[in-house]
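[1] A predicted structure for the sequence below; I have some questions about it.
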Amino acid sequence: QKEVEQNSGPLSVPEGAIASLNCTYSDRVSQSFFWYRQYSGKSPELIMSIYSNGDKEDGRFTAQLNKASQYVSLLIRDSQPSDSATYLCAVADSGGYQKVTFGIGTKLQVIP
Amino acid sequence: GAVVSQHPSWVICKSGTSVKIECRSLDFQATTMFWYRQFPKQSLMLMATSNEGSKATYEQGVEKDKFLINHASLTLSTLTVTSAHPEDSSFYICSGTGTVDNEQFFGPGTRLTVL
């Protein structure tokens, strides 16, 4: 059973701070990793994808991947109240068919 | 990103009736579409994977005769919940992939309430 683990939170950070969201996964041969944002009552929205070890930056978001440690993280700089949402970590299954396994999601609360 | 639409966005039906949900990829060809279900305060649960022109692959525990999936074209997949019961009430979300590297793009979801 492939697993993706996240702390469900809530993670509370003050406005303007850096929010750090973490995720570990069990499938050692996974190659593709994703972060989705889901607002309450809405469907997930893709924020970042990362495939290689290291950092990938897109605006205020930075995804970090360490395949040796089976760890992927998302940093949100200058957090805004509009960033308050649940952040889902997703890992592509190595078995094909483009399936991904989602974590339970971390609820982020940005306090004004 | 790529755009996926779903219709209807919400539906209320009586127990025992069937409900069809459509999922369309608007600006890309979705070689694979996925159907998820999400109960309140829970994560996404994959129900099935469908590839255009072939039978859907259902996850363990999902009744294929109850949740009928058709992926007739590269832009359209449908989910029919047959003989719906109150326990089927949930948020159903489709996603499509077909661009690069397994990125899935989600539709806005359909909220089903079975009375």
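    Yes, it's here. These numbers were taken from a predicted model, which means no experiment stands behind them.

[2] outside of stretch A:55-70, which residues touch it?
    A:24-26, A:28, A:33, A:35, A:47-54, A:71-78 (Cβ atoms under 8 Å, 6 or more residues apart in numbering or on different chains). For glycine as for every other residue, the C-beta is placed from the backbone atoms N, C-alpha and C.

[3] of those, buried ones?
    Among the contacts of stretch A:55-70, the ones that count as buried by 16 or more other Cβ atoms under 10 Å in any protein chain shown are A:24-25, A:33, A:35, A:47-51, A:72-76.

[4] quick one: which of those residues is nearest residue B:111?
    residue A:47 (23.3 Å; Cβ to Cβ).

[5] Give me the pLDDT for the closest one.
    Residue A:47 carries a pLDDT score of 94 in this model.

[6] One more: residue B:45?
    Note on residue B:45: pLDDT of 91.

[7] Show me what the residue nearest the centre of chain B is bridged to.
    For chain B, residue B:35 is the residue whose C-alpha lies nearest the centre (Cα atoms, centre = their mean; 3.5 Å). Taking DSSP bridges as the rule, residue B:35 bridges to residue B:48, residue B:94.

[8] Return the residues in contact with it.
    Taking Cβ under 8 Å, 6+ apart, one finds B:23, B:46, B:47, B:48, B:50, B:67, B:69, B:77, B:79, B:92, B:93, B:94 in contact with residue B:35.

[9] And for residue A:19?
    So residue A:19 contacts A:11, A:13, A:75, A:76, A:79, A:83, A:108, A:110 (Cβ under 8 Å, 6+ apart).

[10] Quick check: residue A:40 is in a strand.
    No: under DSSP: H, G, I helix; E, B strand; the rest coil, residue A:40 falls outside any strand and is assigned coil.

[11] count of neighbours near it?
    Neighbour count for residue A:40, taken as other Cβ atoms under 10 Å in any protein chain shown: 10.

[12] swap in the one 5 residues further on?
    Neighbours of residue A:45 under the rule other Cβ under 10 Å: 15.

[13] Hmm, it is touching residue B:106, no?
    Yes: between residue A:45 and residue B:106 there is a contact under Cβ atoms under 8 Å: 7.1 Å.

[14] coming back round to it: per-residue confidence for the residue nearest to the centre of chain B?
    Model confidence at residue B:35 (pLDDT) stands at 96.

[15] swap in residue A:67?
    Reading off the per-residue confidence, residue A:67 sits at a pLDDT of 94.
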